[in-house]
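*Asks:* The sequence and its predicted three-dimensional model are supplied below.
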Amino acid sequence: MATLHSLPLLERVASDPLTPARHRLRQTIAAVDRVSRETEAAAQQQHRLIDVIGEHDRLQAQLHELMSRDQAARGEWIAAGRIGREPGRRRRHARAQRQNCWDAGRARGGKGDSHFFKLPP
């Protein structure tokens with residue numbers, strides 16, 4: 001049966017201080033690791049931005065649908081001679097715009113409020 005012996009080279013390398021080449025290799029590995037973490041963080045932010053843009057587009061389409069529906073209702077009300085109460089355009093639009101602003105603020109990581117969008121009076 002063969003006898004196993006420890007490798008003297010490995011013992012010597014472990015106890016020796018780093019050579020300049022090994023030191024550069026260690027620095028390069030650390031730099032690659034750092035850049036990899038930064039790239040991953042940037043990718044997460046990009047995915048979040050894509051999600052926010054998709055949500056914004058969905059809310060804009062919903063707001064456009066509400067506005068179109070309200071314009072149609074108002075047109076029918078005008079065509080009928082303005083009998084009765086005017087359709088509630090302002091209330092639904094304002095609610096949809098507030099929801100849109102709240103969602104946009106929340107998507108940016110805020111509490112849901114948004115100074116970025118101004119609501120109409």
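*Replies:* Nice, I can see it. Numbering: from 1, shown residues only.
*Asks:* Would you tell me what the next helix or strand after the worst-scoring helix or strand of the chain on mean pLDDT is?
*Replies:* Every helix and strand of the chain was ranked by mean pLDDT, DSSP states H and E. The lowest is helix 8-15, at a mean of 55. Using DSSP states H and E, the helix or strand that follows helix 8-15 in sequence is helix 20-79.
*Asks:* That next one - contacts with which helices or strands?
*Replies:* Counting contacts by 3 or more C-beta pairs under 8 Å, 6 or more residues apart in numbering; DSSP states H and E, helix 20-79 is packed against helix 89-107. In short, each C-beta sits where N, CA and C put it, glycine included.
*Asks:* Near Leu59, how many residues? Count them for me, please.
*Replies:* 19 (other C-beta atoms under 10 Å).
*Asks:* so it touches Gln99, yeah?
*Replies:* Yes - counting by C-beta atoms under 8 Å, Gln99 is a contact partner of Leu59 at 7.2 Å.
*Asks:* mean confidence for stretch 69-76?
*Replies:* If you average the pLDDT over stretch 69-76, you get 88.
*Asks:* List the buried residues in it.
*Replies:* Asp70 (16 or more other C-beta atoms under 10 Å).
*Asks:* Check stretch 51-70 too.
*Replies:* By neighbour count on 16+ other C-beta under 10 Å, the buried set for stretch 51-70 is Val52, Leu59, Leu63, Leu66, Asp70.
*Asks:* Please convert those residues to CSV, extending it with distance to Pro87.
*Replies:* Shown next, in CSV, are the buried residues of stretch 51-70 (distance: C-beta to C-beta, whole Å):
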residue, distance to Pro87
Val52, 32
Leu59, 22
Leu63, 16
Leu66, 11
Asp70, 6
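*Asks:* Looking at these, spot the one nearest Ser36.
*Replies:* Using C-beta to C-beta, Val52 comes nearest to Ser36 of the buried residues of stretch 51-70, at 24.9 Å.
*Asks:* Quick check: pLDDT value at the closest one.
*Replies:* 94.
*Asks:* again with the one 3 residues further on
*Replies:* Among the per-residue scores, Glu55 shows a pLDDT of 93.
*Asks:* go on, Ala21?
*Replies:* Note on Ala21: pLDDT of 91.
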